[in-house]
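Here is a sequence with its predicted model. Questions after.
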Amino acid sequence: MAGLGVFEVSDATFDQEVLQSEQPVLVDFWAVWCGPCKAIAPIVDGIAASYAGKLKVAKVNVDENPATPGRYNVRGIPALVFFKDGKVADQVVGFVPQEVIEEKVKKLLA
């Protein structure tokens, strides 16, 4: 399900891949049955391509990995959570236009 430059992260690999990342990370919490998640996926894939080398983009399937969304109080999906230096820097819940996500990515990388 993950596009080019986007990788799947599990509860087991989350700390290593996201919290210990030297680059900022955008994590897309999603599920197979979620319509808005499917709608936002191409935007997330586009962000991954546009910011390759500057930003890591990860996806967490909330049905297969319930612990991580619980840790970050993810109650609605899609939820995009932005991490910098191992901490939550920003987040977006629900489907939003690409410009909103781009704006947050730019702030994250500034």
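Looks like it came in fine. Numbering: from 1, shown residues only.

Please put the alpha-carbon coordinates of the host helix or strand of D28 into PDB.
Under the criterion of DSSP states H and E, D28 resides in strand 25-30. Output in PDB follows, covering the C-alpha atoms of strand 25-30 (Å, rounded to 0.1, in the frame of the first residue of the first chain):
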ATOM      1  CA  VAL A  25       9.300  12.100   9.900                       C
ATOM      2  CA  LEU A  26       5.700  12.400   8.700                       C
ATOM      3  CA  VAL A  27       3.700   9.400   9.900                       C
ATOM      4  CA  ASP A  28       0.400   8.500   8.200                       C
ATOM      5  CA  PHE A  29      -1.900   6.500  10.500                       C
ATOM      6  CA  TRP A  30      -4.400   4.700   8.200                       C
END
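
F83 bridge partners, please.
V25, V88 (DSSP bridges).

Please report how far it lies from A58.
9 Å (C-beta to C-beta, to the nearest Å). For the C-beta atoms, the positions are set from N, CA and C on the backbone; glycine is no exception.

Residues that sit against both of those two, list them.
Residues touching both F83 and A58 (C-beta atoms under 8 Å, 6 or more residues apart in numbering) are 18, 25-27.

Please tell me the pLDDT value assigned to D90.
D90 carries a pLDDT value of 97.

Tell me the secondary structure at it.
Classification of D90 by DSSP: H, G, I helix; E, B strand; the rest coil places it in strand.
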